[in-house]
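Colleague: Give me the fold of what follows.
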Amino acid sequence: MRFFYTICLISSITLSGFSQEEALTFPANWEGNWTGRLEIFSPKGKEQEIPMELHILPLDSNQYSWNIIYGEDKEDGLRAYILKTEDPDRGWYTIDEQNGIILDAILISGKLYSRFDVMGSMLLSTVEMIDNELHYEIISGNMDPLRTTGDTVFEEEAIPEVSSYPIVVRQFAVLRRE
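Modeller: Residues are numbered from 1 along each chain as shown. All right, here's what the predicted structure looks like:
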């Protein structure tokens, strides 16, 4: 039962601990044009490195541009998204890709998280300000489990089935405000 209670405790934590200070300063304190280099890794090591920019600029009272530029070609590499405030008291934002895709994002302890799946891959995207730099990371992997274990009884405790999933790509950039 210990495992079950741990999972229940983790699952029942709400965003009620969300800092009002964060709700008042995000995303305004992230405004600006950010530049750096995106490094792309596989289990074999670094596969690629390209220039990256993130432009976060106010559009109105609850929307910001969230424009990502990958590579040298600023026009072809542009991903023009909109960061929208949904419920800042709960840390809830959305990233509207302006093509029918809207990704939910949650701000917890100053770090913006978005988790989604697309075409058989699960992605976890995070952005966090550390020492006036934005640390941008995407972790992705196949949604087919590498292994499934558990589903047994251990010392009279029912152990649930647990699946683990491969990580195949890590993208990471440190971005500095221009």
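
Colleague: Contacts only, for Leu146.
Modeller: Leu146 is in contact with 164-166, counting by CB atoms under 8 Å, 6 or more residues apart in numbering. Backbone N, C-alpha and C define where each C-beta goes, glycine included.

Colleague: need the contact list for Ala105.
Modeller: Contacts of Ala105 (CB under 8 Å, 6+ apart): 83, 92-95, 112-114, 125.

Colleague: about what we covered before: out of the contacts of Leu146, who's nearest Glu47?
Modeller: Pro166 (15.9 Å; CB to CB).

Colleague: Next, give phi and psi for that closest one.
Modeller: When quoted as degrees, to the nearest 10, the phi and psi of Pro166 stand at phi -70, psi 150.

Colleague: Can you give me the neighbour number for it?
Modeller: Around Pro166 there are 14 other residues, counting by other CB atoms under 10 Å.

Colleague: Show the average pLDDT along the lengthiest strand in the chain.
Modeller: Ordering each strand of the chain by length in residues (DSSP state E) puts strand 45-60 first. Average pLDDT, strand 45-60: 98.

Colleague: follow-up on the earlier one: and the contacts of Leu146, which is closest to Leu38?
Modeller: Lowest distance from Leu38 to these (CB to CB) belongs to Pro166, with 21.4 Å.

Colleague: Would you mind confirming that the closest one is in contact with Gly141?
Modeller: Yes - between Pro166 and Gly141 there is a contact under CB atoms under 8 Å: 4.7 Å.

Colleague: Could you verify that Asp89 is part of a strand?
Modeller: No - according to DSSP: H, G, I helix; E, B strand; the rest coil, Asp89 belongs to no strand; its state is helix.

Colleague: what two of the contacts of Ala105 are the furthest from one another?
Modeller: Farthest pair in the contacts of Ala105 (CB to CB) is Trp92 and Ser125. Separation: 15.3 Å.

Colleague: Perfect, I'm done here.
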